[in-house]
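Novice: turn this into a structure:
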Amino acid sequence: MDDTGKYHGSPDDTRFNALDEEIHRHCVRFLDWSNKDLLTKLGLLHSSNDLVFRFLAMCAHPRTRSEPEQRGLAKKVTNVLRRDGFALTEVGTESGYPLFAVEPVATLGASPGSEEVSVVLASFDEEGVHAAWQKAMARKNVDPEGAITSARTLLERVCKHVLDQQAISYKSSDDLPKLWKSCSESLNLAPSQHTLEPFKQVLGGCTSIVHGIGTIRDKIGDAHGQGRRPVKPKARHAALAVDFVGAMATFIVATYHDGPGRSE
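Specialist: Residues are numbered from 1 along each chain as shown. Predicted coordinates:
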């Protein structure tokens, strides 16, 4: 295979009419080819990154497999590529089916704003809150359902961390709206705690965002099984949820640090 994607077999390859037949024989029927043998035969072992990336994109093309198989393959490939700073991510559609391409992870939703969120949350709680943020960001383009679930987990952890720091008890079964109610009241962020209408409106909007994230996650996140016609979130839906949650999380953390008797 050359950089145009064409396969140039040797004269010894006349036993089969197509390369896929030979691959099936050695990789499926007899299992006598190693991964190295397969990559060598495909011309990918020492090829350019561009050729390998185009090959991976074609492996996840809608002409080669069903949509669930496409997404499953993209997740598995991304788990490997991410070590080198890349991901097999959805970049468009063809006849309603997703198209994938390998992209640098740094370009997938990263921005000065998200970097600032990362710094704030890392200093607040590295292992819990920041880990949830990193997972949400990593999933935003390659796993929208998982990103939405991680976004809600992030808000839950922020609220619990704030409540723990203030020795305010809560039940393990409390959902996000209940946690937010306790957390917002402890930080003087509940709309009922203010009289000025602009503040009440802004804080009421925060409450609506929290409830909205919970609703989105229940409807199209991956935490609950869906029916025969499941709603499939797009990367843009995940980006909206994750970005909202990132802003909310940093607002909560900043308010906590600004509280009476607390240092920056």
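Novice: just checking, residue 134 touches residue 115?
Specialist: No. Using C-beta atoms under 8 Å, residue 134 is not in contact with residue 115; the gap is 11.8 Å. For every residue, glycine as well, the C-beta is placed using N, CA and C.
Novice: looking at those two, which one has more neighbours?
Specialist: Neighbour totals were compared for residue 134 and residue 115, and residue 134 leads with 15 against 10 (other C-beta atoms under 10 Å).
Novice: could you verify that residue 31 is part of a helix?
Specialist: No. Applying DSSP: H, G, I helix; E, B strand; the rest coil, one finds residue 31 to be coil, outside a helix.
Novice: what comes up buried for the lowest-mean-pLDDT helix or strand in the chain?
Specialist: Lowest by mean pLDDT, DSSP states H and E among the helices and strands of the chain is helix 112-124, with a mean of 77. Buried residues in helix 112-124, defined by neighbour count with 16 or more other C-beta atoms under 10 Å: 114, 117-118, 120-121, 124.
Novice: check stretch 59-78 too.
Specialist: Neighbour-count burial for stretch 59-78 [16+ other C-beta under 10 Å]: 60, 62, 70-71, 73-74, 77-78.
Novice: number of nearby residues for residue 162?
Specialist: 24.
Novice: tell me which element it falls in.
Specialist: helix 144-165 (DSSP states H and E).
Novice: likewise residue 100?
Specialist: Counting by DSSP H and E, residue 100 is found in strand 97-104.
Novice: doesn't residue 64 lie inside a helix?
Specialist: No. Secondary structure of residue 64 (three-state DSSP): coil, not part of a helix.
Novice: which pLDDT value belongs to the residue nearest to it when sequence neighbours are not counted?
Specialist: Computed as C-beta to C-beta, 6 or more residues apart in numbering, the closest residue to residue 64 that is not its neighbour in sequence is residue 58, at 6.8 Å. Residue 58 carries a pLDDT value of 93.
Novice: ok, residue 47 next?
Specialist: Residue 47 is given a pLDDT of 83.
Novice: where does it land in three-state SS?
Specialist: Per three-state DSSP, residue 47 ends up coil.
Novice: please apply the same query to the one 5 residues further on.
Specialist: Three-state assignment for residue 52 (three-state DSSP): helix.
Novice: secondary structure class for the closest residue to it other than its chain neighbours?
Specialist: Distance criterion C-beta to C-beta, 6+ apart; nearest residue to residue 52, sequence neighbours excluded, is residue 44 at 5.6 Å. Here residue 44 is recorded as coil under three-state DSSP.
Novice: and the pLDDT at residue 230?
Specialist: 59.
Novice: repeat for the one 10 residues further on
Specialist: With respect to pLDDT, residue 240 scores 87.
Novice: now residue 176
Specialist: Confidence for residue 176, expressed as pLDDT, is 91.
Novice: surely it touches residue 159?
Specialist: Yes. Using C-beta under 8 Å, residue 176 makes contact with residue 159 at a distance of 7.5 Å.
Novice: more neighbours: which of these two?
Specialist: residue 159 (27 against 19).
Novice: check contacts around the more buried one.
Specialist: Going by C-beta atoms under 8 Å, 6 or more residues apart in numbering, residue 159 touches 176, 179-180, 182-183, 252.
Novice: so which elements touch the least confident helix or strand of the chain?
Specialist: Applying 3 or more C-beta pairs under 8 Å, 6 or more residues apart in numbering; DSSP states H and E, one finds that helix 112-124 contacts helix 131-139, helix 144-165, helix 235-257.
Novice: which residues sit against it?
Specialist: 129-130, 133-134, 137, 158, 161, 243, 246-247, 249-250, 253-254.
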